[in-house]
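# predicted coordinates and the sequence they were generated for:
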Amino acid sequence: MRKSIIVYWEVESVQGTVGIAGGSLLGARFVRGSGSIAGAAFEGTGMGGVALQLELEGNTATGAGAAIVSLRTEANPFSFFLRDVNASYPVVIPAYGVAVTTADDGRSCGELRDGIPYRANVGQRPCEPEPSFEEAAGIVKEKRLGTWLGIGRDIRLFGVGFAEYDAHSYDWIEPRLHARRVSLPESGDAPVRYNFRFGRGDGCRRATTRRLADGRLPILRGEVDDGDMLYRTTAFATLERNPLTAANVRGTHHWTAAGHTSGITFTAEQQTAYDALLAPELAQDEETVLVYRIEAVNRAAVPRYAWFKAPVPNGTWVPSVLPSGMRCVYDGARGFGVFETGRVGFIALLDGVPAPQEELAVLVPPGGTLAYDILVPHRPLSQERAACLSERDRGELLAGCRSYWQSKLDAGARFDLPEPRVGEMVEAGLLHLDLILYGLEPGGPVTPTIGVYPPIGSESAPIIQFLDSMGLHGLAERCLAYFLDKQQEDGGIFNFLHYMIETGCVLWSLGEHYRYTRDDEWVAAIKDKLLRSCRYMREWRARNLSGDGSAQGYGMLDGKVADPEDEQPVRVFMLNAYAYLGLSRAAEMLAATDPAQAETLRAEAEALRADIRRAYEDALARGPVVPLADGTWCPTVAPWAVGQGPAALFAEPGQWYSHGAVGIRDSLCGPLYLVFGEIVDPAEPGADFMLNAHRELLCLDNVAYTQPYYSRHPRIHLQRGETHSFLQAYYYTMASMADRETYTFAEHLNPLISEHKTHEEAWFLMETRWMLYMEAGDTLQLLKGVPRRWLADGPIAVSGAASYFGAISFKAELGADILRVSLACEGRRGPTNVEIRTPHPDYRRPVHVEGGVYDEASESVRIAGFGGRAVIELRF
């Protein structure tokens, strides 16, 4: 199709070339200003602007291969689909001072800009209410997930679920070896689940609510409303014989733990080590045990019945139907579920004595309470061991479990937040991470697993970094030791489905750990492995340094970053951003102890950064512009160096739909990692473009589709001071991804693939950390993303947290007319400056500020030359 268009520039001179993919240039002439044209090259000048009319022919049909016009000017090159040029919706890029319309439009560039039809309807009002959890929860889908319970370091877990959320209407307990359900000889080596019921059955209304003990401990509380009878449940994991204390937890070897994840990759040598460890590691002389107490409370003025059905291994609606070869007899004299082998699979006790039969109806007096206990060892016990277990005091076991987990919380930093849900989620999240960090105690490598999956350099990174943020440096270091132990001979680090991204990510996490600790002795201890991985990255890069440097993606790393198997290795910006972070952090780690090696790595990192920048700037020029809600148009960037704009636009043919969404390569593995990876500054126009295109094309309510915690835009919003946008992403993602009662996170928005997904939970935790405090060069920023209503509900207090500048504690409290913030950060490497955001709940501005300089635009106080302690006061 032939089309005549006009391109306007609001500059007095412009030069460049016209390119068209999928078409041809038939002619060109200046219709404003004057200049010279030679083939595709042009150079023009004009007072008040330049306009170039182009005669083009190309494919304007829907689908791949549509003509894309590229204006390769010295400043601000850009591209657009020829088919998108329309006088009703002209292409206007205010940041570039550029407009494109049809030749018969007749309007000037300024008239086109001023006539944007939707411009007045967008933009955040000065006092627009900030997003909240309550707002998000009323809109987004709700997750209800099963719960994992265990003792930490030990892969012998239990899954627990309620009948109301179960497809087969059973309450259930499921022993797990992390990702794997436990199989028994008694079940024909099939996975076993203990199904049971209490109450009258399924009703016509929602009856079940759940909550963690104190809102944070991995002890599951539940209530089932069955009319006059209320059933209260408590489930927790403990040890069979010994009190649950840190000293009594042996843990599981990290190789054994890794081998029980989904998708683990071992070298032949690693597989041999795993095979040798497997049998002895799984043959421990003490089992973990799930204790499940059901208290039936009669709320009526008359006696009422309580009903209980003891567990049936893999039971169904039909009592006689069990898996082939599986038999379990209930022994009412002892309360044992006994397999044909004679081993005991569970114990059922009614008010402390054996429940007399499998199914019971017990009359409870008005106001009375009846306790029904189920004890499930991780693997069946001998009858002698089961008898000893049935004698243990369940109250003491619960108290010991509470003390054990509370001691883990007490070892880390404390966040006291005015929003109870968020405060609980931080503490519950820390323990959720700890629950599936596996390794032998008291020292040695720990596997930072993520849901059912093995440790992955990219997905384990926020787990390790949040441990460091909470001051748990020893545990973070043990998690990093796992990756170093997994390192291959050539320095590469691989754990999952041949992801090529892991080595750079691990180097980054090592460097982040060093920023917290400045532990040069640790660096010396791991130096050989550190340099081996750096050498691997440098040799990988060297393979792509052929030619004169003009090729797209010159010097960049190529490889797979996530699940999709693309047809050929591509030079993905996400992969290269992590590679740059890894090499630059490695240089930091060695600066004090090996300056020469550090300089070599720094130079390599900067050369890589320059190559990435070159590819990014080319991609920004090549990506077709897209319309935004405000009527302007926005340049786009492909997710990799060779792409013609976002894959989701299908400028090039491909099958990009995956994991329930069309844009995962652009959103979850896309060019915004260039900002997160310190390649593109958050304040650059390109960051504007990428962020705006991402938000409008690839997000709903500022939440990315399918696996939203892979997207780094919330942090970028914070860096740019876009608190409203950050809070929308923060609350809407959290409300749609986490079980609102137990705070367990899922992996995806839909469908459920992995629950207890600590990669997602850890990014939520890191976002919470950043909203409270984050580092920007030599500046410590406080309260950068907190909702302003928190100051009304305050105080906000953080104590004993760790940062790049050492341990920090601060407190913000708003009185009637005074906001007071105190800060202590007295380490030897404290920040040079501190910036404290001080958003008044009613958008009031202070009339007097003490302790720093107030900036009205950012509602922040800046303290220059920070001396370790500070107090600021704002009077309103």
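All right, it came through fine.
# pLDDT of stretch 788-804, averaged?
Stretch 788-804 shows a mean pLDDT of 96.
# with just CA atoms, put it into PDB.
What follows is stretch 788-804, C-alpha atoms only, in PDB (Å, rounded to 0.1, in the frame of the first residue of the first chain):
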ATOM      1  CA  ARG A 788       1.200   8.600  53.800                       C
ATOM      2  CA  ARG A 789      -1.600   7.200  55.900                       C
ATOM      3  CA  TRP A 790       1.000   5.200  57.800                       C
ATOM      4  CA  LEU A 791       2.200   8.400  59.500                       C
ATOM      5  CA  ALA A 792      -1.400   9.000  60.700                       C
ATOM      6  CA  ASP A 793      -1.500   5.500  62.100                       C
ATOM      7  CA  GLY A 794       2.100   5.400  63.200                       C
ATOM      8  CA  PRO A 795       4.700   5.200  64.500                       C
ATOM      9  CA  ILE A 796       7.000   3.600  61.900                       C
ATOM     10  CA  ALA A 797      10.100   2.000  63.400                       C
ATOM     11  CA  VAL A 798      12.900  -0.100  62.100                       C
ATOM     12  CA  SER A 799      15.600  -1.500  64.500                       C
ATOM     13  CA  GLY A 800      18.700  -3.400  63.800                       C
ATOM     14  CA  ALA A 801      18.300  -3.600  60.000                       C
ATOM     15  CA  ALA A 802      21.300  -3.900  57.800                       C
ATOM     16  CA  SER A 803      22.200  -1.700  54.900                       C
ATOM     17  CA  TYR A 804      25.200  -0.900  52.600                       C
END
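# off-centre distance for that stretch?
When distances are taken as C-alpha atoms, centre = their mean, to the nearest Å, stretch 788-804 is centred 22 Å away from the chain's centroid.
# and if you look at stretch 88-96?
The mean C-alpha position of stretch 88-96 is separated from the chain mean by 35 Å, C-alpha atoms, centre = their mean.
# domain parsing of this protein, as residue ranges.
2-117, 150-242+286-408, 789-875 (automatic domain parsing).
# same list, those, but as a markdown table with mean neighbour count and distance to residue 733 please.
Just so you know, the C-beta spots here come from the backbone N, C-alpha and C atoms, and that holds for glycine as well. Formatted as a markdown table, those follow (neighbours: other C-beta atoms under 10 Å; distance: least, C-beta to C-beta, whole Å):
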| stretch | mean neighbour count | distance to residue 733 |
| --- | --- | --- |
| domain 2-117 | 18 | 28 |
| domain 150-242+286-408 | 18 | 20 |
| domain 789-875 | 17 | 19 |
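# quick one: which of the ones you listed is nearest residue 738?
Closest to residue 738 of the domains of the chain, according to C-beta to C-beta: domain 150-242+286-408, at 12.1 Å.
# ends of that closest one, how far apart?
In terms of C-alpha to C-alpha, to the nearest Å, the two terminal residues of domain 150-242+286-408 are separated by 14 Å.
# cool, and stretch 235-248?
Start-to-end span of stretch 235-248 (C-alpha to C-alpha) is 20 Å.
# and the longest helix for this structure?
Longest among the helix segments of the chain by residue count, using DSSP state H, is helix 595-622.
# that one: what's the following helix or strand?
Beyond helix 595-622 on the C-terminal side, the first helix or strand identified by DSSP states H and E is strand 623-627.
# and that following strand, how far out from the chain's middle?
Chain-centre distance of strand 623-627: 28 Å, with C-alpha atoms, centre = their mean.
# which strands and helices sit next to that strand?
Using 3 or more C-beta pairs under 8 Å, 6 or more residues apart in numbering; DSSP states H and E as the contact criterion, the neighbours of strand 623-627 among helices and strands are strand 78-81, strand 633-636, helix 685-698.
# that concludes my questions; thank you for your assistance.
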